[in-house]
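Engineer: next one to model:
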Amino acid sequence: MKILNAVNMMVFFFFLACAKQGGGLAPSSDYDTFAISPEAIIVPKSQSFKIKLIGSNSSTGASGDVASKTTCTSNNPIATIDKFGNLGNNYTGTAIQKAQITCVFNGFTKKADVTIVPATLTSLILTKLNLKMGPGQSQAIQVYGNFTDINNYVFALEMTDYVTWSTDNAGVSQALVGTVSSGTNGTAQLTATFGVRSAATSVTVSSATAIPAADPKGPGLLGSYYDFGVANPSSVPWNTSTIGDPFERLFGQRIDSQVYFDWSTGTNNLGQPLYFGIRWTGRIYIPTTGSYTFYTRTDDGVRMWFDDLSAPAIIDNWTLHAATEDASAPVFLTGGQFYNVKIEYFENAGYSVAELRWQGPSIVKQLIPQVNLFPQ
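Structural biologist: As a prediction, the model looks like this:
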């Protein structure tokens with residue numbers, strides 16, 4: 001019941017947020033476009049996942065949640081979707097399952113692929129820790145769940161809508177559906193809970209704090225998984241002169257806690273065999289000012305862009321090759337700042353590996369930690 005109440009409150013706040021954007025919340029009859037987000041959904045078995053059903057007016061820019069006015073169906077009884085946009089499943093098996101949902105709004109029809117993966121919730125992540133605020137201020141906060149899949153790789157799903165919050169000092173600070181608010185001066189501890197999992201942060205409220213602050217903590221990079229060879233299966237496998245577009249059809253998206261994968265069978269954690277492309281995007285948080293070098297280890301091709309994503313790639317080995325490490329030139333970066341990152345990778349059958357490391361001030365060469373990776 002607490003989870004349901006949290007979802008209902010989230011819907012309320014989402015409508016308020018939409019009213020402040022894009023010229024206001026238009027009547028649903030005025031919307032001339034309709035979208036499902038994400039377009040390709042990955043969800044653990046026996047878990048709910050919030051999708052967004054958004055109507056928009058292309059002339060005014062107004063948009064809003066139209067879930068309650070949308071009719072959605074699933075082609076697989078394992079997956080169900082309610083009028084609030086909550087996608088659930090009753091699957092308890094050990095194999096990856098596929099489904100497709102079809103949603104209709106104002107004559108518009110959109111489809112989204114659903115991949116149900118056997119995975120276990122292992123921990124919760126708060127995207128901000130050690131919050132500092134002045135009286136009467138507020139901060140947005142997100143909650144993610146870390147899930148371990150059948151290959152023991154970790155991915156994260158946003159669970160802000162589903163956790164319940166508690167505080168040990170309500171007069172100082174409270175939280176509700178992604179927002180932390182402050183009251184009087186003092187300290188408090190806020191705890192987000194889902195089932196037996198919880199995560200906590202301290203909140204310090206002081207009249208001396210003019211601008212809210214916090215320590216960021218990342219859930220990972222957004223991984224967009226693609227199939228290739230779909231339009232013309234006879235075009236694969238590639239050779240050195242026929243490397244094509246590995247991002248032919250979106251298969252699914254998830255937040256990977258790290259870029260650290262070694263698929264000895266050539267089949268990845270989503271069950272894609274042989275021919276697939278992955279694009280990881282987001283931001284990297286730099287802890288300390290200084291010179292950094294980035295390293296990729298892949299089989300097959302890899303490209304990496306950093307900071308200015310329109311500039312040339314800092315790593316570019318877009319070839320067929322066995323597991324190979326590539327390094328960027330040293331880059332001077334400012335501590336406490338976020339930098340954009342994009343990594344593209346393809347696997348052309350056989351053994352496959354994709355890893356991302358760094359080396360910097362007081363940082364020995366290592367995998368980039370989850371806490372430094374953000375999906376947006």
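Engineer: give me the phi and psi for the spatially most central residue of the chain.
Structural biologist: Residue closest to the average C-alpha location in the chain (CA atoms, centre = their mean): residue 255, at 3.9 Å. Per-residue torsions, residue 255: phi -90, psi 110 (degrees, to the nearest 10).
Engineer: that one touches residue 223, doesn't it?
Structural biologist: Yes. Counting by CB atoms under 8 Å, residue 255 touches residue 223, with 7.0 Å between them. In short, each C-beta sits where N, CA and C put it, glycine included.
Engineer: overlap of the contact sets of the two?
Structural biologist: residue 155 (CB atoms under 8 Å, 6 or more residues apart in numbering).
Engineer: count of neighbours near residue 35?
Structural biologist: Using other CB atoms under 10 Å, the number of residues around residue 35 comes to 17.
Engineer: for beta bridges, what are the partners of it?
Structural biologist: Per DSSP bridges, residues listed as beta-bridge partners of residue 35: residue 54.
Engineer: report pLDDT for it.
Structural biologist: You'll see residue 35 listed with a pLDDT of 93.
Engineer: one more: residue 28?
Structural biologist: So, for residue 28, pLDDT stands at 63.
Engineer: need the three-state assignment for residue 231.
Structural biologist: For residue 231, the assignment made with DSSP: H, G, I helix; E, B strand; the rest coil gives coil.
Engineer: look up the closest residue to it, ignoring the ones flanking it.
Structural biologist: Spatial nearest neighbour of residue 231, excluding adjacent residues (CB to CB, 6 or more residues apart in numbering): residue 248 at 6.5 Å.
Engineer: now do the same contact list for the one you found.
Structural biologist: Taking CB under 8 Å, 6+ apart, we find residue 248 in contact with 226-231, 277.
Engineer: so residue 298 touches residue 356, yeah?
Structural biologist: No. Between residue 298 and residue 356 there is no contact under CB under 8 Å: 9.3 Å.
Engineer: residue 136: neighbour count?
Structural biologist: 10.
Engineer: can you classify it as helix, strand or coil?
Structural biologist: Going by three-state DSSP: residue 136 is coil.
Engineer: again, but for the one 10 residues further on
Structural biologist: Three states are possible here, and by three-state DSSP the one that applies to residue 146 is strand.
Engineer: any idea which element the closest residue to it other than its chain neighbours lies in?
Structural biologist: Among residues not flanking residue 146 along the chain, residue 123 sits closest, at 4.6 Å (CB to CB, 6+ apart). Using DSSP states H and E, residue 123 maps to strand 119-126.
Engineer: centre of the chain versus that strand, how much separation?
Structural biologist: 13 Å (CA atoms, centre = their mean, to the nearest Å).
Engineer: and for stretch 158-169?
Structural biologist: That offset, for stretch 158-169, works out to 19 Å (CA atoms, centre = their mean).
Engineer: send me that stretch as PDB with only the CA atoms.
Structural biologist: Listed next in PDB are the C-alpha coordinates belonging to stretch 158-169 (Å, rounded to 0.1, in the frame of the first residue of the first chain):
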ATOM      1  CA  GLU A 158      15.400   4.100 -11.200                       C
ATOM      2  CA  MET A 159      13.100   3.300  -8.200                       C
ATOM      3  CA  THR A 160      12.300   6.900  -7.000                       C
ATOM      4  CA  ASP A 161       8.600   6.200  -7.500                       C
ATOM      5  CA  TYR A 162       8.600   3.100  -5.500                       C
ATOM      6  CA  VAL A 163      10.500   3.700  -2.300                       C
ATOM      7  CA  THR A 164       9.100   4.900   1.000                       C
ATOM      8  CA  TRP A 165      11.000   7.600   3.000                       C
ATOM      9  CA  SER A 166      11.500   8.000   6.800                       C
ATOM     10  CA  THR A 167      13.300  10.600   8.800                       C
ATOM     11  CA  ASP A 168      14.700  10.700  12.400                       C
ATOM     12  CA  ASN A 169      14.000  14.400  12.700                       C
END
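Engineer: sweet, I'm off.
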